[in-house]
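[1] Would you be able to build a 3D model of this:
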Amino acid sequence: MSDPLQLTHLRSLVAVADCGGVHRAAAALRLSQSTVSQHIRSLERRLKEPLLEKSGRGVRLTVLGQTLLVEARRILAVHDESLRRLEVSADRVILVGSTEHAADQMLPQLLGALRHAFPGRSVRFRIDRSTQLAEAVARGTLDLAVVLAGPEPAGAEVGLLPLHWYAAPQFRVPAAGEPWPVVAFEEPCGLRRRALQAFERIGCAATITAESTSLDGVVAAVRAGLGVALLPSAGRTPAGLAALRQLPDLGSIGLHVVARRGIDPELERTACAVGREFFASRAYLCSVPAA
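    Residues are numbered from 1 along each chain as shown. Model (predicted):
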């Protein structure tokens, strides 16, 4: 296959033709004069013929240069129009992340609200751990995300999820002096740290007996009797588990909406409103009043 023509080189040729010379073309493109000249020489080497010739104190296109100019304008027009369509298409997709702890109950409500508020746009969800979602929002690869509060508060708090200890119904409480088996999320994880710190405060040893990157994995390990787990509750006990009352009450954890920089403010307001409405409609959860 022949070497392709480079778009940047074609843009330099068009600029030279439109501006009447290399120097002015370089200024228009915000490139150095030597860079524009190098682009033209690269095209000439590719086509094996000169594209410019001297004309008085300036330059003009050769016959081949004029032919290439027509093709360059056509190629660049198609490329730029395609890029505009793709950028518009990307702008029409709202990218939302959610922690697994809120996904099954809160997301249907959020999806409905976003579709109503932005009827011309589609919504795509990513379910992941809070740390990964917060990083994705910071990078700009997600528009917003519903996450558990981390050590450094971020975004707007929309409610509080009670924390409960869970175990399998057949779980045997360790005898005095025996370590408690703990199932936890892989690091980094704030819930894991809170669980282990709780055992330290009451003077009990604890050991991680199973870990997972997902909520399903943690629940499956607890259901299999591998240990106890500290989990946020949205009102339903996970199937096959039972709440464990022998361990200290650790209160609740905030659920936050974080949004990327530059997001449409209405998107963020809609997500926060849905979060607050979700908590306000459930008396067993802790709602946070609108700011």
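[2] got any ranges where the stretch 1-150 of the chain has weak pLDDT?
    For the stretch 1-150 of the chain, the stretches flagged by pLDDT under 70 are 1-2, 84-91.
[3] residue ranges of the strands in it, please?
    52-55, 58-61, 93-99, 122-128, 144-148 (DSSP state E, counting those that start in this stretch).
[4] Please parse this protein into its domains.
    7-89, 93-158+253-287, 161-250 (automatic domain parsing).
[5] With mean neighbour count as new columns, can these be given to me in TSV?
    Any C-beta I mention is one placed from the backbone N, CA and C, and that applies to glycine too. TSV is the format used below for the domains of the chain (neighbours: other C-beta atoms under 10 Å):
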stretch	mean neighbour count
domain 7-89	15
domain 93-158+253-287	18
domain 161-250	16
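[6] need the strands of the stretch 1-150 of the chain in a markdown table with distance to residue 6, can you?
    Output for the strands of the stretch 1-150 of the chain, formatted as a markdown table (distance: least, C-beta to C-beta, whole Å):
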| stretch | distance to residue 6 |
| --- | --- |
| strand 52-55 | 17 |
| strand 58-61 | 18 |
| strand 93-99 | 30 |
| strand 122-128 | 34 |
| strand 144-148 | 38 |
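[7] Which one, of those, ends up nearest to residue 189?
    Each of the strands of the stretch 1-150 of the chain has some distance to residue 189 by C-beta to C-beta; the shortest is strand 144-148, at 9.5 Å.
[8] Send me that closest one as CSV with only the CA atoms.
    Extracted C-alpha coordinates of strand 144-148, given in CSV (Å, rounded to 0.1, in the frame of the first residue of the first chain):
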residue,chain,number,x,y,z
LEU,A,144,-20.7,12.2,37.1
ALA,A,145,-20.8,9.3,39.5
VAL,A,146,-22.6,8.2,42.7
VAL,A,147,-19.9,7.1,45.1
LEU,A,148,-19.3,6.3,48.8
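[9] any idea of the angle the next helix-or-strand element following it forms with strand 144-148?
    Next helix or strand after strand 144-148 toward the C-terminus (DSSP states H and E): strand 156-167. Calculated by axes from the mean of the first three to the mean of the last three C-alpha atoms, to 10 degrees, strand 156-167 forms an angle of 40 degrees with strand 144-148.
[10] Next, the angle strand 156-167 makes with the next helix or strand after strand 156-167.
    Tracing the chain past strand 156-167, the next element assigned as helix or strand by DSSP H and E is strand 180-185. Interaxial angle, strand 180-185 versus strand 156-167 (the same axes, to 10 degrees): 140 degrees.
[11] contacts for strand 180-185?
    Residues from elsewhere that reach strand 180-185 (C-beta atoms under 8 Å, 6 or more residues apart in numbering): 129, 174, 191-192, 195-196, 199, 204-213, 218, 221-222, 226-230.
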